[in-house]
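J.: quick one: sequence plus predicted model below, questions after.
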Amino acid sequence: GNHDFDVYPDKNRRRDLVTWRQVVGYEDTTFVLGKVRFALANNVVYHGRGGYEGRFNDSQMKWLDSLSRVTPKDVQMVLATHIPVSYGRQRDSLASMFAGHREVLWVCGHTHTVARHTVDADGRVEEMIAGATCGSWWRGVKDEYGIPYSLQNCGAPRGYFVTDFSRKGCRHEYSSVGV
């Protein structure tokens, strides 16, 4: 995401992912666990020093298309990104790319909100905006211990989702932190 890039004091040096690649490895990767194919993809594209947008480049789109084609239709697909896919221009083309799969889940963050909605007309592609354990960047009224309540921008408590994948689909449970 936009928080993973190295930032340099030299204003002429572009932000990059040198540290990410040294510690984690690839920006985009996939693995299968049980009957679920996970694809983790960096959809943050920078435009100079401070501007960026959420989208995939051409090679990422080809990669995602190939994953969709080689993954059996009864295997659930999960695409994890930072910026919500539904916020970008590629939402419809990605939804149609995954058409025919039993179930597709897009998981993202970035907005410090919690939300779930279906993306396509037949309800097979769902997007879950997972919120943040820091809520709204650790801001807000402080409790008796001096810790801010840090509600998400949508008013939900800071927290995270735990998802259980089964043959009948997936079940999401939200766990709040410190409440």
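T.: Done, it's in.
J.: in the protein, which spans are helices?
T.: Under the criterion DSSP state H, the chain contains helices at 18-23, 58-70, 91-97.
J.: which stretch among those is buried most, on average?
T.: helix 91-97 (a mean of 16; mean count of other CB atoms under 10 Å). Where you see a C-beta, it was placed from the backbone N, CA and C, and this is true even at glycine.
J.: so what does that helix touch, helix or strand wise?
T.: helix 58-70 (3 or more CB pairs under 8 Å, 6 or more residues apart in numbering; DSSP states H and E).
J.: what residues are up against the residue most central in space within the chain?
T.: Centroid check for the chain by CA atoms, centre = their mean gives residue 108 as the closest residue, at 2.2 Å. With contacts defined as CB atoms under 8 Å, 6 or more residues apart in numbering, residue 108 is in contact with 80, 81, 82, 83, 84, 85, 127, 128, 129, 130.
J.: kindly report the same for residue 72.
T.: With CB under 8 Å, 6+ apart, residue 72 has no contacts at all.
J.: need the phi and psi values for it.
T.: The phi/psi pair for residue 72 (degrees, to the nearest 10) reads phi -50, psi 150.
J.: residue 69 and residue 120: what is the separation?
T.: 18 Å (CB to CB, to the nearest Å).
J.: how far away is the spatially closest residue to residue 41 that is not a sequence neighbour from residue 106?
T.: Nearest residue to residue 41 in three dimensions, chain neighbours excluded: residue 28, at 4.6 Å (CB to CB, 6 or more residues apart in numbering). From residue 28 across to residue 106, the span is 15 Å (CB to CB).
J.: who has more neighbours, the two?
T.: Counting neighbours by other CB atoms under 10 Å for residue 28 and for residue 106 shows that residue 106 has the greater number, 23 against 16.
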